[in-house]
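*Asks:* need a structure here:
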Amino acid sequence: MELTCVQSKIFEIRGHKVMLEFELAERYGVETAQLKRSVRRNIERFEGDDFMFEVTREELSRCQIGILNKGQGSNIKYLPFAFTELGVSMLSSVLNSKTAIGINRSIMRAFVAVRKLILTPPTDRVTELQKEIKALKEYIEEVFSDYNDINEDTQMQLELISLTLAELQANKNSVETPRKPIGFRKTEHDN
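*Replies:* Numbers count the residues shown, from 1 in each chain. Below is the predicted model:
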């Protein structure tokens, strides 16, 4: 349940999977301002977009998290930081408390789960059924194709049989015409 909850807070911005500062602050149990101060005091740990970057208003509205429409963040004075997986792991060294370390573990597991999900999407039953139906259709088409070939061959053989029977019948008719007997006829006088 916790993993799913954390996964729902991971967004894609600038091609990175990220979590926003206020979500992280809530998870760590600290004020957003305190998290931001700790990060700014240790900014050298977060240099580069692969650790952390400030989100633009346009990016914030595009990631559809809805914070601009809710009470929290409806009038954002300062744009939030977005932390990548590397940045979240670096946060554990900045926010050095037992709570931060425990939360950091669950967040790191969520990032790993999201990565696995992207690399190997789960096979859903509908896709499997579609594949099976496609294979079955191909098999049926092949069987009907063979059946049609057999029908054509059978049809030709039946025509040949009919033709042969017709020829045999014609020959039989010619053979059944009475022939003149060969040899002597015995008459009653000869006895």
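
*Asks:* so where is the chain shaky, pLDDT-wise?
*Replies:* Per-residue confidence for the chain (pLDDT under 70) gives these ranges: 1-4, 6, 63-76, 121-123, 147-150, 173-179, 188-191.

*Asks:* who touches the longest strand seen in it?
*Replies:* Identified as the longest strand of the chain according to DSSP state E is strand 16-20. Defining contact as CB atoms under 8 Å, 6 or more residues apart in numbering, one finds that strand 16-20 is touched by 9-12, 49-50, 55, 65, 67, 80-85, 87-88, 107, 111, 114-115. Backbone N, C-alpha and C define where each C-beta goes, glycine included.

*Asks:* so which elements touch the helix or strand encompassing Lys36?
*Replies:* According to DSSP states H and E, Lys36 maps onto helix 32-41. Contacts defined by 3 or more CB pairs under 8 Å, 6 or more residues apart in numbering; DSSP states H and E place helix 32-41 against helix 21-28, helix 85-94.

*Asks:* the following helix or strand past it pairs with which strands, parallel or anti?
*Replies:* Using DSSP H and E, the helix or strand that follows helix 32-41 in sequence is strand 52-54. Sheet pairing of strand 52-54 (DSSP bridges) gives strand 81-83 (antiparallel).

*Asks:* report the contact partners of Glu54.
*Replies:* Leu79, Pro80, Phe81, Ala82.

*Asks:* does the first one touch Ser61 like I think?
*Replies:* Spelled out, it's Leu79. No. Using CB atoms under 8 Å, Leu79 is not in contact with Ser61, being 11.5 Å away.

*Asks:* what about Thr120, distance to Lys172?
*Replies:* 76 Å (CB to CB, to the nearest Å).

*Asks:* now do the same contact list for Leu160.
*Replies:* Leu160 makes contact with no residue under the criterion CB under 8 Å, 6+ apart.

*Asks:* distance of it from Thr154?
*Replies:* 11 Å.

*Asks:* which members of the contacts of Glu54 are the farthest-apart pair?
*Replies:* Leu79 and Ala82 (9.5 Å; CB to CB).

*Asks:* what is in contact with the two at once?
*Replies:* With CB under 8 Å, 6+ apart as the test, Leu79 and Ala82 both reach Glu54, Val55.

*Asks:* more crowded one of those two?
*Replies:* Neighbours per residue, other CB atoms under 10 Å: of Leu79 and Ala82, the larger number sits with Ala82, 25 against 15.

*Asks:* how near is the residue nearest to the more buried one when sequence neighbours are not counted to Phe53?
*Replies:* Distances taken as CB to CB, 6 or more residues apart in numbering place Val18 nearest to Ala82, at 3.9 Å, with adjacent residues excluded. Separation of Val18 from Phe53 (CB to CB): 8 Å.

*Asks:* how many neighbours does Lys36 have?
*Replies:* 17.
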